[in-house]
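J.: fold the stuff below for me.
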Amino acid sequence: MFDRRALPGTIAGALGLGFAIAAIITQQAALVIVAGVLTAICIVLVLALPNRAPVRYKERRDLQEEADKLARENDQMAARAAKFEAEAIAAREKLATAMLAERSTAVPAETPATPAPAGPTPTGPRGDDITDPETGVFTQVFFDASLGKRISAARRGLRPLTVAMVEVVERVGEPDVAQPAAKPVAEILTDPLREADAVARMDSGVFAVLLEDTPENGAIWTLERIRRKISEDLPGCTVRAGMSCYPAYAFDADQLVGQSLTALDAAREWRQDRIEVTTASPED
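T.: Numbering: from 1, shown residues only. This is a model prediction of the structure:
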């Protein structure tokens, strides 16, 4: 629809064009001056119209609006991620407290008198079901107890989650292949992780890494950082890792752990550092 407010500028532009054509035909300088004046009037009238800003200004304004929109979306995503991370930390602490309380109350009413076992008296909670006394990371008991709850939380929040099984060995390919001291490995594993993430030492000596709110690409990047750090700080050691992700490859804890261990077996077939991602399907 034609905008009546643009009529004066249109008339001035048309007259300027007419005088310019006449100046070209007649070669009269006066007509050139008149055409230039009319063209200037046309430009002034067009710029004076509302919502008729120059193209470059409109582009800058649109870009600024888009940048502001992206900034708001990033702030919202960061706030949701921080909330989810805080919930993960709180849930982990709640589970640990519940496990400690359950263990402290699970004492028989009457126990037969038996002689004390020989050897040093253990210090700390019996069995220490939550943290590994050698490394300070979580135990397999705690990891197994918490994984299902973390998957449920990820399902409610529509967020991804990754489980990786990491094995560090030295003298790979030789008959006396063995695992190095566990504590330095645990320290390297926990260093790049967020507080909401978790590392556990499984009964087999393999380390389980739980990465909250992390899809496949982010998990591979994190494991690669760990691999490089181990190569730098523990020369002669080889890193093999297998990983699976919720919900891309698995829907429950058993699937995640089983697929990660299978991927780890595939990584063990290499005589060098190797990170394997499961190829299984949630329907398997």
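J.: residue 99 contacts residue 129, doesn't it?
T.: Yes. Look at residue 99 against residue 129 with C-beta atoms under 8 Å: they come within range, at 6.1 Å. C-beta: built from backbone N, CA, C; applies to glycine.
J.: give me the common contacts of those two.
T.: Counting by C-beta atoms under 8 Å, 6 or more residues apart in numbering, the contacts common to residue 99 and residue 129 are residue 142.
J.: mind listing what the strand or helix carrying residue 200 pairs with, with the direction of each?
T.: Taking DSSP states H and E as the definition, residue 200 sits inside strand 198-201. Strand 198-201 has the following strand partners under DSSP bridges: strand 138-139 (parallel), strand 207-212 (antiparallel).
J.: let's have those strands in CSV, adding mean pLDDT, mean neighbour count and distance to residue 230.
T.: Output for the strands paired with strand 198-201, formatted as CSV (pLDDT from 0 to 100; neighbours: other C-beta atoms under 10 Å; distance: least, C-beta to C-beta, whole Å):
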stretch, mean pLDDT, mean neighbour count, distance to residue 230
strand 138-139, 95, 22, 20
strand 207-212, 96, 25, 11
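J.: now those strands as JSON lines including distance to residue 62?
T.: Output for the strands paired with strand 198-201, formatted as JSON lines (distance: least, C-beta to C-beta, whole Å):
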{"stretch": "strand 138-139", "distance to residue 62": "50"}
{"stretch": "strand 207-212", "distance to residue 62": "37"}
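J.: of all those strands, which one is nearest residue 18?
T.: Comparison of the strands paired with strand 198-201 against residue 18 by C-beta to C-beta identifies strand 207-212 as nearest, at 71.8 Å.
J.: residue 217 should be in a helix, yeah?
T.: Yes. Membership of residue 217 in a helix is supported by DSSP: H, G, I helix; E, B strand; the rest coil.
J.: residue 283 belongs to a helix, doesn't it?
T.: No. With three-state DSSP as the criterion, residue 283 is located in coil rather than a helix.
J.: all numbers from here: first residue = 789
T.: Got it, first residue is 789 now, which makes that one residue 1071.
J.: which phi and psi does it have?
T.: phi -80, psi -10 (degrees, to the nearest 10).
J.: what about it, how many neighbours?
T.: Residue 1071 is flanked by 6 other residues according to other C-beta atoms under 10 Å.
J.: and the pLDDT at it?
T.: pLDDT recorded at residue 1071 is 82.
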